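[1] Sequence and predicted structure, then a few things I'm wondering about:
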Amino acid sequence: MTDSLEAELAVGADAFVREGEGLEVAVVGAGAVGATTAYDLAREGVDVTLYDRGQVASGASGRAAGLCYDAFADPVDAEIGGDAIKRFRAFSGDDTFPFVECPYVWLAREGDADRADAIRDQIERMQENGVVALEGDADALEDRFPTLRTDDVAVAGIAGGAGYTDPGRYTACLAAAASGAGASLEPNTSVRVRTDPSRVVLEDGTEREVDAVVVTAGAHTKRVLADAGVPIAMKPYRVQALVARAALEEPMCYDASSGFYLRPHPEGLLAGDGTEHVEADPDDYERGADPDFAKDLLERVHRRLPGADLELDRAWAGLCTATPDRDPLVGELLSGLYVATGFQGHGFMRAPAVGERLAKQVLGGGGIDAFDPTRFDGDESFAIVDGMAIDSES
């Protein structure tokens with residue numbers, strides 16, 4: 001555990017009367033958001049139990065890409081993104097998880113005027129929000145990142161508050177920190193949620209009444225809440241990624257015109273796209289990549305990294321979650337029932353800040369108004385769009 005985590009636990013235990021003493025909370029879903037929420041609740045003295053139907057990080061967090069950045073044009077997103085980066089930096093270490101500082105570049109090609117204009121507009125709004133983001137043309141990009149092909153670039157954004165990490169290790173670290181702060185971990189434990197009063201029901205029928213239930217079950221969140229009679233406007237969808245053996249130190253990059261992202265990886269580079277615009281079954285989806293996925297994506301990556309000698313190592317599929325307005329559902333649904341889902345592929349990178357804010361709301365603080373889950377009735381019809389899409393309305 002890092003000195004930062006140990007210091008937080010010490011402060012939570014000794015320096016003041018903790019806000020949550022006497023409260024009992026069940027967190028359902030031990031992914032990055034759930035583990036962080038459990039940690040932040042436990043260090044405030046809450047009696048927390050963190051449940052998961054599998055192992056810690058066995059769902060979407062274990063299959064996430066691990067890109068982390070604060071390059072958001074919306075003020076709320078920018079604030080949360082910046083706070084998340086600060087916590088990634090503070091918690092990382094040799095004995096916990098790595099956080100590698102790395103610039104983040106997003107670009108549009110010549111001839112893609114709509115996305116180019118959208119990127120310029122985004123950069124201006126980011127700067128207004130205090131995000132360190134610069135606009136660059138092909139020459140500026142070539143000077144700074146010679147590994148990238150830049151002769152076809154119309155405009156690029158460059159963000160400095162960025163890096164990458166191992167999502168599984170982050171989640172395991174925060175779950176361990178939660179346990180160290182007094183939380184109980186219950187992996188391989190399926191539970192049902194009930195309301196009025198808030199409680200969880202174990203597979204053997206045992207019921208545990210609690211002060212609050214926090215559902216952070218990723219793609220399974222919709223079913224968990226539906227079983228409790230609470231609908232939400234969320235759809236899981238399938239995405240794909242791969243790891244290739246190659247030499248890449250920086251940057252992380254999102255090619256908006258070609259619709260893929262890439263980042264350095266200990267084994268070479270990680271790249272992804274392959275969003276399916278249909279709702280997926282979280283219990284019955286293809287976890288392997290499509291037959292032509294890797295070949296097609298590596299060809300596009302090679303066009304952006306022409307000097308890279310790419311050799312496929314592995315490819316896989318995972319699930320993300322969408323909402324009608326592309327903003328997540330975070331906060332109180334009913335009295336004593338809280339949710340965090342619908343992150344459009346950005347859940348892991350915002351987990352440190354979202355978990356902290358959700359814990360504070362459970363303890364009586366304010367929520368994130370823009371993410372209030374009660375803004376939808378739960379029966380809305382909507383189309384799934386890519387989480388990293390850039391268009392004229394971004």
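    Yep, that arrived. Numbering: from 1, shown residues only.
[2] And for Leu329, nearest residue in space, chain neighbours not counted?
    Pro373 (3.7 Å; CB to CB, 6 or more residues apart in numbering). The C-beta positions use only the backbone N, C-alpha and C, and glycine is treated the same way.
[3] just checking, that neighbour touches Val339?
    Yes: between Pro373 and Val339 there is a contact under CB atoms under 8 Å: 5.3 Å.
[4] Now do the shared contacts for the two.
    Common contact partners of Pro373 and Val339 (CB atoms under 8 Å, 6 or more residues apart in numbering): Ile232, Leu329, Val330, Gly331, Leu333.
[5] In strands, which of these appear?
    Those of the shared contacts of Pro373 and Val339 mapping onto strands are Leu329, Val330, Gly331, Leu333, per DSSP state E.
[6] how about those, which pair is most distant?
    Val330 and Leu333 (10.3 Å; CB to CB).
[7] which residues do the two both contact?
    Common neighbours of Val330 and Leu333 (CB under 8 Å, 6+ apart) are Val339, Pro373.
[8] out of the two, which sits in the more crowded spot?
    Val330 (27 against 21; other CB atoms under 10 Å).
[9] hang on, the earlier thing: any idea which of the shared contacts of Pro373 and Val339 is closest to Arg263?
    For the shared contacts of Pro373 and Val339, the nearest to Arg263 is Val330 (25.4 Å; CB to CB).
[10] the helices in the stretch 101-250 of the chain, which residues?
    For the stretch 101-250 of the chain, applying DSSP state H, counting those that start in this stretch gives helices covering 113-128, 138-144, 167-180, 221-227.
[11] So Gly59 is in contact with Gly31, correct?
    Yes: applying CB under 8 Å, one finds Gly59 in contact with Gly31, separated by 5.5 Å.
[12] among the helices and strands of the protein, which has the poorest mean pLDDT?
    helix 3-10 (a mean of 58; mean pLDDT, DSSP states H and E).
[13] Quick one: name whatever helix or strand follows it.
    Using DSSP states H and E, the helix or strand that directly follows helix 3-10 along the chain is strand 24-28.
[14] Tell me, how many residues neighbour Gln55?
    14.
[15] Not counting sequence-adjacent ones, nearest residue to it?
    Closest to Gln55 by CB to CB, 6+ apart is Pro187, at 5.1 Å.
[16] ok, now Phe99?
    Using CB to CB, 6+ apart, the closest residue to Phe99 is Ser92 (3.6 Å).
[17] same deal with Ala84?
    Ala353 (4.1 Å).
[18] Any regions of this structure where pLDDT drops low?
    Along the chain, segments meeting pLDDT under 70 span 1-18, 388-394.
[19] and it, what are its domains?
    What automatic domain parsing lists as the domains of the chain is 3-65+167-234+324-375, 100-160+235-322.
[20] how about the ones you listed, which one is nearest Phe72?
    domain 100-160+235-322 (7.1 Å).
[21] tell me which element the residue nearest to Ala84 is part of?
    helix 347-362.
[22] Please look at the residue nearest to Ala84 and Val76 and confirm they touch.
    No: between Ala353 and Val76 no contact is recorded; they are 10.6 Å apart, counting by CB under 8 Å.
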